[in-house]
Each structure stands twice: as structure tokens, then as C-alpha cells.
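>>> Have a look at this fold, sequence not included:
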DNA sequence: TTGAAAGCGCTAACAC
DNA sequence: GTGTTAGCGCTTTCAA
């Protein structure tokens, strides 16, 4: 880790530091001969530009930060992959900020744009990571786009599916199979996605003339553990549901586990539908019927929009709604 | 995003920039009164230090990079969580470098230490992300520690379990249940972990006087998809195994899925044991018997060692072996 | 207790 | 085509 700088290279190659700089950034401005010499000198000592100095000078860090509640959530990781792919193409690195749901940590990661460590933010959380007390106009915001969760702010782009419509479709799938007693296990109700999905569920039930049994709605979080305990709870209800709508595949996993463990067959006794279509979902036993979100498209679009923002392009459309799809597999079946 | 610097704050507070700097970094060196004035001025305009400039000056980036083949692998994400926790405590941020297995990207992320964007590396891959052509001594290496996979280099610390012993234990669990015809689905054999596990398997079989049917060893990767196809292949073998040892839980998931789909009950017809104990494993149907790796300890220790390296502490021990544990759940059972 | 000044390593006018 | 130079925003002696 000997610290060689542009200066050493300049000496070695017998040129000025400016020429060395050019040799790297504007190769055509330097004669082939000197360029060769410089590159050779650089290679010899293993020179790498100090990107801190470069960023300081150019006011561009080459990083974007992706604020995410939980990296280990399979759904999120699919999106991250897509984001990274786009970022790489643009010569950017992605800093993953796993917040474990903490608002404080969201703010800390978001501060990386203020401190110039990052040029923009992709936010996969439902709340804005800024002290809302700010009376500054929204144009004070750094380049930011939100994915999956709508924050309620119109000041920057968001990329989501239509959660309400997706929930309506999922519910209708169940209703179409003859289910009338349908339970729901939600995610954290602070998430816009969960709110919207619940609203969609109610809407579909109402549209079908079905009443919603409030005791069959369990408020949870997007985890398998919650799915397990919620399912146990539902099983103890007097009016046992014939189908359960889980607001995430992880919930569905825990839910099916609990159901089968208590002696209920899925889908023969109880149908289960999930949400997200994580890569594992098709391998569950039974394989999981679910609402597929276009994770790759979401990630790709988020990244593309962010770079437009960073490049100060005018965005014509703020709210991007991507299509979802009901994937019917084995965990749901028509009521005989 | 108005760009205010130390200079503006100095003007507002009527002091020099040096004093402002001190107010932030050596508060006690500044009188309470001026400090207050400075802090107030800073708060008023929402000042945040430009960490690029700070890092350039102090030659400390405050970042570590974690090079990882796949963020979406649940096993890895558990380790990451632990690393992040330790890093936060030390005032460091973790940059996650998802390489998708590409050696080129590994090298690019590793280069972040050369370019001063990061102070150290945690490597969760089996190969060194440096052009091996370097004839420089190993003390040329940046602070680096490897986790989970042993690279073969003794020049820096590594944190792993004893993969060979773990595989022996897993195999013995199966043998103890009366299984003699045992199949194996490996990970990528470039990984030291897979090599060691396979060696351990052979060792245990030999020790029990059992012969290994080479057709029952399927070379794969740590994914559910591989598990699925490998299981299908195994089912077509003339001498069908009574147990399958999967080198990752994801493989086991795909494997059990294929088995059950082809009409084989797990564990009644075939027992399956996994490796890793990812959070999902207990929710599989049947719940998965597996080799638990102490993910949190691995992550914590990796991070601790890296910071010791960064702080230039002398490390007494290079090779850290953490304990594993066989978790017996439902997917394995004694042969009647 | 505070300030002046010298850089950290690099880029980008602008001159030659 | 190449060199000079003025900083980017900050820290840190050293002197006042």
C-alpha cells in the first residue's frame, strides 16, 4: 500500500502532473508516445487515482446509496441486483444502506449525499429520511427516487406497482375460487404498500358483496415468523377462514408452515396466497400462488430515474406504476 | 443542496475556519461561548462536513467494503447484518459489493482501498481479489479478512467453521440413522468450503466402512435451482440414495421440492440434510435438518479483526475456526 | 483560546 | 501537446 500519487508518476515519466492527469481522463489530448510512457510508469508502481481527491475536485462521488429496510429480504435483493447492474453501466457504485427499519439510520445514510459521499439516493422505505422540520422548498432535496413504497411526496419520482389493484386481483382470485371467508395477514401498517393492499382487499370483498370479518385480519410484519404466529392465531378463531391472503411471501411461508404443522393441508383445507414472488416461492411445498412484482424492472427504472435526476434532466413523469401479475401455483385451489 | 462549507460557518460565527474545524473535532479546545455560536451557525444553514475533504486530509475514509458473491443469499445477509452492527459502533459504514461471482467485480471492489474509498475489506469469496502477478510481499495487502471461505493465504486473518469436520458430523448423523446409500449435492467446487465438505463426507463414509457411490455425487452450486435439477438426476440413478446431503440450505430447498414433486416423501422415503441454517430453514416443509453456522459470530469476528488490522494492531491468531452445530429437525429420520 | 498557513491528491482553465 | 497554477473543503501544526 505504498502511497504513490500523480506526482511520482509525473517524475517517473518526465512530464508534468497535468499531463499525467490528462493521460488518464483525456487520453486524446496527449501524444501517444507520452501516454504510453505515463501508463507504463503508472502500471509499474501500481498507481490508482485517489478517488477522494478526484471526487473533491469534480464534485461527483460516483456513488449512489440504496436505503433499504433489510438486505436479507429476498424481495429487496432482487431489486438491488437490477440497480447495481444499471449503476455499473454508468460507472457508479452502489452503497447498500441496510437500516433494519430504523428511521435514524435512514437519515444517516441519506446524509451521505450532504457529505458528498454519494450523488443520489434510492429509497426503499415509506418515510422520508429527512428532518421534516425543514421549511426549505422541496428543491432542496438531493436526487432521490423511491421504490416500492410511495412516500406521499410528489417532489421526486417513485416506482411502484399498483398495490391496491394487485390486492384486488389477489382477492378476486380467491373469491373466484369460491372462497368467502378470507383472512389477511398484513405487513407493517406504516408501509403504504400494506395500507393499499388492505384497502384493495376490502374493496374487492365489498365489490363481491362479501363481508369482511375483522377478526380475520391480523396486523403483522413482512416476516415468516409473523406468518407463523398469525396463522396460529387465525386457526383459533371461531369462524375459521378457508383462505389466507398474506401480504408477503415470507409471511406466507411461515403461515403455511404453521398451518401444516397444526394438521391443516394447504391448499386442501386452506388456500394461501402470497405477495412478491421471491425466488424461493416456487420451491415452497406446496409451491406458492402469489402476486408477482416485476423486481428487475422496478430496480432498473429506479436507477435510470435517479441518474436522470443526477444529470439534472427534466423528469416528465413522477409516479411510475409497473404491472403486477397473479401467479397461480399450488397453494390455492377452488373450494369444492 | 446549497453547498455551505466551513468557510461560510466561520463568517457567520465571526471566527476563523480553523476554529470552526476545532469546534467540531476538538470541542474542548474552543471556548464554550464560541462553540455555541459556531454550532448555532452550522445548524442554521444545515451544515454537514464534506467527508471527501475530511477523508482526503485525514487519509481515513470511514468505509469498509464487504465483497460478497450474492447479497440475496440468506446465509450471507445474516453475516452482513452482524458486520454492519460492529462497523456502526466504530463509526464506519459498510459498502456492500455484490459481485455475482465475477472475479472482475471482486477486483474492482477491492480496488476501493487503493483508491482510498475504503479502509479495509471483508472478503466472502474464495479467491483473492488481486492480480496475483504482483511480486510484492504480502505486506502490500490492504487490511483484509476473509470470512466463510478460506483462500489459502496465510497473510491475513480468516474466519470460518471447520467445514470438513462439519461435513463429517452431518454424514455421521445420516450414518447414525442407518443410511448407507448417501448422495451429495455440492456447491461450486471452486469454493474451499465445498471442497472441504466433500472431503469430510468421504472421510466419514470411509471411517464407517461405507463405500461412496460416485454417481451419487452431483457437482452443483449453492442455489435452489441446482438442488432441484440435481435431485431429479439422483432419482434416476439405478441405486437410489436413502439420504441426500446438500451443501447449502438453498440446495436442500430445491432438492426437497423436486423429491416431493416426484412423489417421494421427505423424510419417509428419503432424508435430506442441508448446510448453513438460513432463517428460512425451519419453515421449510418438512423443516430442515441442517448444519448451523454461527453467522452472527462470524460477522462480528470478521469485523473486529478487520478493525484491528486497520488500527495496525498485531494479530496473534490468523485462522479462526468457529463452532458449528447439527440441528436435527424433520427432514431426516432413521431408516426403519 | 484563536488564527494563519501549508497542504491532502487531483482537475481544469489557461497559457505557452 | 504540454506545463503552470489556482483551488476543491478540510485538518493541523505553529505562532500569536
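Yes, it's here. Owing to the predicted nature of the structure, the values given are computational and were not obtained by experimental measurement. Residues are numbered from 1 along each chain as shown, chains lettered A, B, ... in the order given.
>>> Now do stretch A:11-18, average pLDDT.
The average pLDDT for stretch A:11-18 rounds to 94.
>>> do stretch A:63-77 and chain B meet?
Yes. With C-beta under 8 Å from any C-beta of the partner chain as the measure, stretch A:63-77 is seen reaching chain B through A:71-72, A:74, A:77. For every residue, glycine as well, the C-beta is placed using N, CA and C.
>>> Same question for stretch A:287-302.
Yes. Judged by C-beta under 8 Å from any C-beta, stretch A:287-302 comes into contact with chain B at residue A:287.
>>> buried stuff in that stretch?
Of the residues in stretch A:287-302, A:287-295, A:297-302 count as buried by neighbour count, 16 or more other C-beta atoms under 10 Å in any protein chain shown.
>>> Where does the prediction get shaky in the stretch 201-336 of chain A?
Residues of the stretch 201-336 of chain A meeting the criterion pLDDT under 70: none.
>>> Would you map the strands across it?
Along the stretch 201-336 of chain A, counting by DSSP state E, counting those that start in this stretch, strands occupy A:217-218, A:243-246, A:271-276, A:289-292, A:319-322, A:325-327.
>>> contacts for the fifth one?
Pointing back at strand A:319-322 there. Residues outside strand A:319-322 that contact it (C-beta atoms under 8 Å, 6 or more residues apart in numbering or on different chains) are A:150, A:154, A:157-162, A:293-294, A:297-298, A:301, A:305.
>>> ok, 7 Å please
Strand A:319-322 is contacted from outside by A:157-162, A:294, A:297-298, A:301, using C-beta atoms under 7 Å, 6 or more residues apart in numbering or on different chains.
>>> how many other residues sit next to whichever residue of the stretch 151-300 of chain A sits closest to DNA strand D?
At 23.7 Å from DNA strand D, residue A:156 is the closest residue in the stretch 151-300 of chain A, using C-beta to the nearest atom of the strand. When neighbours are defined as other C-beta atoms under 10 Å in any protein chain shown, residue A:156 has 21 of them.
>>> What residues does it make contact with?
Per C-beta under 7 Å, 6+ apart, neighbours of residue A:156: A:141, A:144-146.
>>> and which of those residues is nearest to chain B?
Chain B has its nearest neighbour among the contacts of residue A:156 in residue A:141, at 7.6 Å by C-beta to the nearest C-beta.
>>> and that closest one, how many neighbours?
19.
>>> can you pull the pLDDT of it?
87.
>>> so how far is residue B:140 from it?
To residue B:140, residue A:141 is 43 Å away according to C-beta to C-beta, to the nearest Å.
>>> What strand or helix carries the closest residue to DNA strand C within the stretch 151-300 of chain A?
Across the stretch 151-300 of chain A, the shortest distance to DNA strand C (C-beta to the nearest atom of the strand) belongs to residue A:156, at 26.9 Å. Using DSSP states H and E, residue A:156 sits in no helix or strand.
>>> Just say helix, strand or coil for residue A:173.
Here residue A:173 is recorded as helix under DSSP: H, G, I helix; E, B strand; the rest coil.
>>> Counting neighbours, what do you get for it?
Neighbour count of residue A:173, defined by other C-beta under 10 Å: 21.
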